[in-house]
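Novice: Here is a sequence together with a model predicted from it:
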Amino acid sequence: MLNQNKGADLKNLDLNKKGYLIHFEAWNKDFANNMAESNGLKLTECHWHVIDFLREYFQEFGIAPDAREVIKKLGKKINPNTPCSRKHLEGLFANGGCKLACKIAGLPDCHCRGV
């Protein structure tokens, strides 16, 4: 259950029975932070790289990217001076993996391909 105290607009966001946001365009950063917190995560700069990538990919292709593709693409994009190494990216959403990352990113009822 989402913490409704973190932004009045969150209570108006519709989730399906699996906990995914129904309307991709309704997503906002408060939703992401709240969903992460309800799953025991505090979002870092590295998490936001993944979230932004997932949202951009879904917007362009209409599906979630393969988890290996996320690691491959972001591993190339991330500045070596950030604390986000390729290995670190692989464990960011360890408790829920790709599915949790997709939920936080607001992808509607996605499944993680290739996982």
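Specialist: It's in.

Novice: Enumerate the positions of the helix or strand hosting residue 68 that are buried.
Specialist: Assigned by DSSP states H and E, residue 68 belongs to helix 67-77. By 16 or more other Cβ atoms under 10 Å, the buried positions in helix 67-77 come out as 67, 70-71, 74. Every residue, glycine included, has its C-beta placed from N, CA and C.

Novice: Counting by contacts, list what that helix packs against.
Specialist: On a contact count with 3 or more Cβ pairs under 8 Å, 6 or more residues apart in numbering; DSSP states H and E, helix 67-77 meets helix 45-61, helix 86-90, helix 97-104.

Novice: got the angle for that helix vs helix 97-104?
Specialist: Calculated by axes from the mean of the first three to the mean of the last three Cα atoms, to 10 degrees, helix 67-77 forms an angle of 70 degrees with helix 97-104.

Novice: before we move on, the earlier item: and which of the buried residues of helix 67-77 is nearest to residue 98?
Specialist: Comparing the buried residues of helix 67-77 against residue 98 with Cβ to Cβ places residue 67 closest, at 4.6 Å.

Novice: follow-up on the earlier one: quick one, which of the helices and strands packed on helix 67-77 is packed in tightest?
Specialist: The highest mean neighbour count among those, using mean count of other Cβ atoms under 10 Å, belongs to helix 97-104: a mean of 22.
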